[in-house]
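# predicted model, plus sequence, below.
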Number of protein chains: 6
Amino acid sequence: MSAETTYSTFITEDAIDRLIKEDVPYLDLTTWALGIGSAPGRIEFFTREKTVLCGTEEAGRIFARLGLTTTFRLPSGSVVDPGQLLLAAEGPADALHIAWKVSLNILEYTSGIATRTRKLVDLARQANPRTVIVTTRKGFPGTKELSIKAVLVGGALPHRLGLSETILVFEQHRAFLGAVADFPAHIQRLKTKACEKKVLVEVDSLEQAIALASAGVDGVQFDKTTPDETKRYVSALRAINPHLVIISAGGVNESNVAAYAASGVDAIATSAVYFGKPADFRVTIAPRQ
Amino acid sequence: MSAETTYSTFITEDAIDRLIKEDVPYLDLTTWALGIGSAPGRIEFFTREKTVLCGTEEAGRIFARLGLTTTFRLPSGSVVDPGQLLLAAEGPADALHIAWKVSLNILEYTSGIATRTRKLVDLARQANPRTVIVTTRKGFPGTKELSIKAVLVGGALPHRLGLSETILVFEQHRAFLGAVADFPAHIQRLKTKACEKKVLVEVDSLEQAIALASAGVDGVQFDKTTPDETKRYVSALRAINPHLVIISAGGVNESNVAAYAASGVDAIATSAVYFGKPADFRVTIAPRQ
Amino acid sequence: MSAETTYSTFITEDAIDRLIKEDVPYLDLTTWALGIGSAPGRIEFFTREKTVLCGTEEAGRIFARLGLTTTFRLPSGSVVDPGQLLLAAEGPADALHIAWKVSLNILEYTSGIATRTRKLVDLARQANPRTVIVTTRKGFPGTKELSIKAVLVGGALPHRLGLSETILVFEQHRAFLGAVADFPAHIQRLKTKACEKKVLVEVDSLEQAIALASAGVDGVQFDKTTPDETKRYVSALRAINPHLVIISAGGVNESNVAAYAASGVDAIATSAVYFGKPADFRVTIAPRQ
Amino acid sequence: MSAETTYSTFITEDAIDRLIKEDVPYLDLTTWALGIGSAPGRIEFFTREKTVLCGTEEAGRIFARLGLTTTFRLPSGSVVDPGQLLLAAEGPADALHIAWKVSLNILEYTSGIATRTRKLVDLARQANPRTVIVTTRKGFPGTKELSIKAVLVGGALPHRLGLSETILVFEQHRAFLGAVADFPAHIQRLKTKACEKKVLVEVDSLEQAIALASAGVDGVQFDKTTPDETKRYVSALRAINPHLVIISAGGVNESNVAAYAASGVDAIATSAVYFGKPADFRVTIAPRQ
Amino acid sequence: MSAETTYSTFITEDAIDRLIKEDVPYLDLTTWALGIGSAPGRIEFFTREKTVLCGTEEAGRIFARLGLTTTFRLPSGSVVDPGQLLLAAEGPADALHIAWKVSLNILEYTSGIATRTRKLVDLARQANPRTVIVTTRKGFPGTKELSIKAVLVGGALPHRLGLSETILVFEQHRAFLGAVADFPAHIQRLKTKACEKKVLVEVDSLEQAIALASAGVDGVQFDKTTPDETKRYVSALRAINPHLVIISAGGVNESNVAAYAASGVDAIATSAVYFGKPADFRVTIAPRQ
Amino acid sequence: MSAETTYSTFITEDAIDRLIKEDVPYLDLTTWALGIGSAPGRIEFFTREKTVLCGTEEAGRIFARLGLTTTFRLPSGSVVDPGQLLLAAEGPADALHIAWKVSLNILEYTSGIATRTRKLVDLARQANPRTVIVTTRKGFPGTKELSIKAVLVGGALPHRLGLSETILVFEQHRAFLGAVADFPAHIQRLKTKACEKKVLVEVDSLEQAIALASAGVDGVQFDKTTPDETKRYVSALRAINPHLVIISAGGVNESNVAAYAASGVDAIATSAVYFGKPADFRVTIAPRQ
């Protein structure tokens, strides 16, 4: 019932098992060879820097799967100061060692994404409360469930989860459509055929955007225009259709996101949150008296 | 039979299918709604910067899976100058659009890792031809097959693929072993029990390392010691056992890797190659005459 | 490159294998016990009634998976008269018997859906060329890939593939939003937050629809209103916002779909195509000389 | 320990997870965007018509998987009057919305099959208490576990679960056996080789059936003979072998099943229960005080 | 089209991939570290003893999956003298090394089962041409597809593939049925309800078997009776019902199988073929000029 | 927290479900047809001979998965005298029958391996307390998780879990390396490149072993040398390098393992524990009052 439920994109039990297996196919050989596997112990995770936390629910599921008992857990979305305990669990030493790095990696990678996302979201919101951050499909293949959760926890939305439920026309589509002059007719057909979706088009120039806005598209996406250009384009386009959705994509980062937001766009699409250093947590494992 | 075979860590067909599904659960709705799906086309990928290429074999498998024909492909491991064609395929527009981003993301993420790895490998080798780069288990959960391939392509080896076939004693293990004075006896038992493996121990100080070297460990790993400290430690330890494996881990990057190598360590363990910006490729999709 | 490519929603190899296994876990015991497994033979499928064909690509993949050679195949989307050959393959008798019923069932179920869909699409289009048919999420759980392919082949679009990329507010959501008077403010927030999606709301009455249209929703969905009511509602709502998307859902069938289309709605949502009798094909298996 | 246990054909946890994922790949975007995900709520399912209930165990497992608490549940096999509560659960709004349609679809499709099956079983039993209903392999591919559970709940048995553990010789097998005159010898070999199975043969005519009964087959299956013909055939065949199993298949429905049963056959094989309208349930979701 | 097709129980591509992964999760580290992975080579498998071959088709699929070309292959079921080449493939050294042990293990385990099975089948047939060998469900969990293929290749049939399509009443079932006197009535109900199956019962004594034969069961299974007892029982029971299926199970081996067959039973059920030494093959890998 | 935790190599929930499905795809038809499925009962497992127990944790997970309650369970690793209760569970008769054979087969196969392993371990240890038993990769494909657990429970270690984390040079590798004289240089490169692993080489003769020991390999493996030869080789090699790891492989069994251990080798590699008769347990299922 807590806020964390809101962030639980659906991650299957099999995905949890696969992640464990990826790091520990059979056993922790070191623990086994030392003969300490059944000793009762405790694992604790601490922040080293200010972090928007993510992945504690998945870490908790990994603990449960390995027979460990979670004794403390802050929910995803918590903003945590340096040096704070964020997660703790108890159980036999071998299970603690199996759980250690896979849960740490999940926590650090997803918290890294969530923290970077929150930063962009806050910067954009301060500049323009109506501008939202949306994240592209450029995550590391094989990580979408975890990455999308981190994005949501950070306060952004996925731009498009995949290709199957949204309309975004790229130059790479238009190349197959024949004469440029025919494109408005194609837009009309698209709008009728997929009437429940907004029809968005990636554009190269203001001229193209104006032509499309006149043709009735629901939104345009500019790729790698500067904040100044973008501001100018937004004004010109709003004059044609005040409801036109305008998206800036490409080259967005913490230093320029406020300027993009101030340009008046509805959304800023970015891939930058997916990469960069993971969050950094300290882990202790010790016997339990 | 080409060199690329050497780099093909085993990636299952199901993994290929899952990666496609992750990005395109059913269809490219835009292509479908535009009615251009069956038009014959071509996709081409070009570098934008100097890159150690990775993932072209997997991209080729994605193309094959979707009924596309690969017409040009450089093997993983190729060092490619900016602006070069690296991969091309032909087939119907809908398959090209389904293949586009998933193959691009695989190419860019793995080439990014391979390029960063090669940089570290080259810098280390110039400073000390006997020092190797090994990569930690700190990759993004869910990406191990692709990440390990990229590491191998870059010229490094995984430090440990998982916990089940190597011995590395952490403080988090020793905490369960009781009195410090008993540790040499534990080392002896470990060496007998797991006689086919090297027994490595992560150490906090030179004193600890000396004690362990005297007790017969096969190797020690220092975490976050400076290159200067490391150099001093290496000298001291080689005096005890010239065959002792010495590993530096923690905080390694392009600016200090040469100094670490010059310290005389056998291996430098790093996580840094796993994160950072993906490589950047340009993609064109166009009709085929 | 043929039209059929356009319809190939992404069905994994593992899904193909699971479907075969579901019907034939190990072998055709009868063929084996009769000792006829290696005899060369041919399988042929014929229509018994006029059918919009679907699933021949998947049947072809089943044949390939079992070592059979497809010798004739009409693509999905073909409209086929009674008594026509639609698919044929050759190979050893045991593989033919393993392939028989699973491919037949795929063909008959998906062609049944495609045929019913095409019927509704044609009836709606004749009454109003701008009205499209969209299909609900009420398919048989476990069949979505095949069902969606059949819907596309039939000429309709899925209303929503799932919950994760579209916005449709049900009464079951509104119940958690507090005072009815606050709903317009919620709509505004939704539109800003999910600016790339159309915000659709299922409504109970014209009054509610008018209030929402005034509040700026992109579309409304009526559930189980009659064609006459719907027509009246459409007129009233278009007067407020000529671009409002209006959807009729519930109780649509071949006898009333034209009336719904004539009411002027943009889309008609239906579940009816998912159930009903499968198409009926005749199959022969015989030795090949 | 309740009767429901008897009906739980084995459905894996992974199947449960796949079914949820099929409808909700990541999250309910509407719930998330409205910010109501963590509000406590309740879901309730009610019949609209008299129904033989099925699938409540699987719905309960979906609830559990999503962190919901089932507070009321009638077991599969219950015969429920219109307007009755059959299932209820509590938990956060986002989990309720994720669970809603997938559990409803499972309940409605399987209860539809169970209800149609029970109808045929009751009609047949009234006409002839010794005649059983068996269901063919013609279910929707991908649904066998759920479909077979529904069939059992309805009181029938699967005719053949697959090809691997039963012997049924079709014309499509005989075509590979050479001269008709040799068929009795084949039957003898089959009976010896697969001595633990009954050897059944699908026949076209009484003459064929008589020849086979004389040759020692354990049973014959008539396809699409009328009830009157069937009655005559049964008499003729029982005179030869009173223990011969006689099965009617093809074209069976609620209007003629009693006549087929009255003909004296041992079993009536039907596909009709698999398709037809799902059961119809009403669902409420509301906040919990 | 060859005889081998007859033996191909359905083994999925995913199963092939899982088997490879089980032995080689990523790469052959030795080959990689030696830098010989891309050298062209050849692998050859030779018998060391007389063997009924099995698993060459699966080995061939492993080769294909790894990009190797099969250049020679004897089909499953071949009886091969010592020292003969049975399988050969060509391709790069790393793929040869990845393929080596997993294909060898499949070949040796399944050929071991096939060879032991064929031995029992031949011994039984010589003693009594009408007695068949059937194998129990006591294979190593996780190996059923491979084990069943080997059993079929050896000339036997699986007694029961699983619990879901055959009727065999154990004492462990009867314990729940109440008074012994009621058992005949239960048998009657079983025969009606599952009229398409033979009703078999495992019995403890001749008395029990006689009572059941009189009650109409289709077959009885004796567990661990001696050949002499069995012979006596068969005579007594055939006098009651000449068509009664009589099965001997328990303790069967190469030294007594002929005696059991001579007792006149229809089938001999055994687990012994599943365990025992694998077949022994010699493998060479060498460069190809 | 008990000792059994130490032995729990990681077996996924999906693996548990697959094992159940392999034996019972849908239901126990016999239980269902008898109508006894919901009767409360109890299952009990007893040893028939002295056994090193294994697999009770997995059997317990199967019970839990099927809704049964485990009421008694000895941990893996227990040494149990004949006739002792080792495992018991309670629940409805149908779940008991579904659980019966799959849990029994897991228990019997893994306990068989554990018992044979313990025997070899004890015999070797008595002859030489420093010699360990390691098991090869020659287990039945598809059983590695269960087999490795049994090996660990028996007191041995896997020689190599797979090819990806250890270095063992076979003749099949050397064949690609060119002139024999160059091999020492290759060894040096291997040792540098894979400095964290011991470099082991399989050798044919003492001469070869001496050359390699001089070249700096960490260990040598002799295949099928007699205990006497081995003893002589050990002496000769220890004179060169007292720390050289020496392994005997091939043809080891209970009658010669002590002699091999007495030869002074560090490890004895064997495949023999994987095959041989499973342990033999007695199972009762009965109603619970």
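Good, I have the coordinates. Numbering: from 1, shown residues only, chains lettered A, B, ... in the order given.
# list the contacts of the residue in the stretch 101-250 of chain A positioned nearest to chain C.
Across the stretch 101-250 of chain A, the shortest distance to chain C (C-beta to the nearest C-beta) belongs to A:Glu165, at 3.8 Å. Using the backbone N, CA and C atoms, a C-beta is placed for each residue, glycine as well. Going by C-beta atoms under 8 Å, 6 or more residues apart in numbering or on different chains, A:Glu165 touches A:197, B:29, C:160-162, C:164-166.
# repeat that with 7 Å
B:29, C:161, C:165-166 (C-beta atoms under 7 Å, 6 or more residues apart in numbering or on different chains).
# check A:Asp280 too.
So A:Asp280 contacts A:48-49, A:108 (C-beta under 7 Å, 6+ apart).
# quick one: the residue nearest to A:Ser271 when sequence neighbours are not counted from A:Tyr26, how far?
Distances taken as C-beta to C-beta, 6 or more residues apart in numbering or on different chains place A:Lys138 nearest to A:Ser271, at 3.8 Å, with adjacent residues excluded. Separation of A:Lys138 from A:Tyr26 (C-beta to C-beta, to the nearest Å): 34 Å.
# so which of the two has more stuff around it?
Neighbours were counted for A:Lys138 and for A:Tyr26 using other C-beta atoms under 10 Å in any protein chain shown; A:Tyr26 has more, 24 against 21.
# which residues touch stretch A:260-269?
Taking C-beta under 7 Å, 6+ apart as the rule, stretch A:260-269 contacts A:124, A:127-128, A:131-134, A:136, A:159, A:221, A:227, A:230-231, A:234, A:245-249, A:252, A:257, C:195-196.
# any bit of stretch A:78-93 sitting next to chain D?
No - contact of stretch A:78-93 with chain D (C-beta under 7 Å from any C-beta of the partner chain) is absent, the minimum separation being 14.1 Å.
# check the secondary structure at the residue of the stretch 101-250 of chain A closest to chain C for me.
coil (DSSP: H, G, I helix; E, B strand; the rest coil).
# run a quick neighbour tally on A:Ala239.
11.
# if we can go back for a sec, select only the buried ones of the contacts of stretch A:260-269 in PyMOL?
Applying 16 or more other C-beta atoms under 10 Å in any protein chain shown to the contacts of stretch A:260-269, the buried members can be selected in PyMOL as follows:
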select buried, (chain A and resi 124+128+131+132+133+134+136+159+221+227+230+231+234+245+246+247+248+249+252+257) or (chain C and resi 195+196)
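# next up, the contacts around A:Pro131.
Just to correct that, residue A:131 is Thr rather than Pro. Neighbouring residues of A:Thr131 by C-beta under 7 Å, 6+ apart: A:124, A:261, A:265-268.
# at 8 Å what do you get?
Applying C-beta under 8 Å, 6+ apart, the residues near A:Thr131 are A:124-125, A:260-261, A:264-268.
# how about it: what's its closest non-neighbour residue?
Per C-beta to C-beta, 6+ apart, closest to A:Thr131 is A:Ala261, 4.0 Å.
# and A:Glu90, how many residues sit next to it?
A:Glu90, neighbours per other C-beta under 10 Å, totals 18.
# that's a helix at it, yeah?
No - using three-state DSSP, the secondary structure at A:Glu90 is strand, not a helix.
# pretty sure it sits against A:Phe63.
No - the criterion here is C-beta atoms under 8 Å, and A:Glu90 misses it with A:Phe63 at 9.1 Å.
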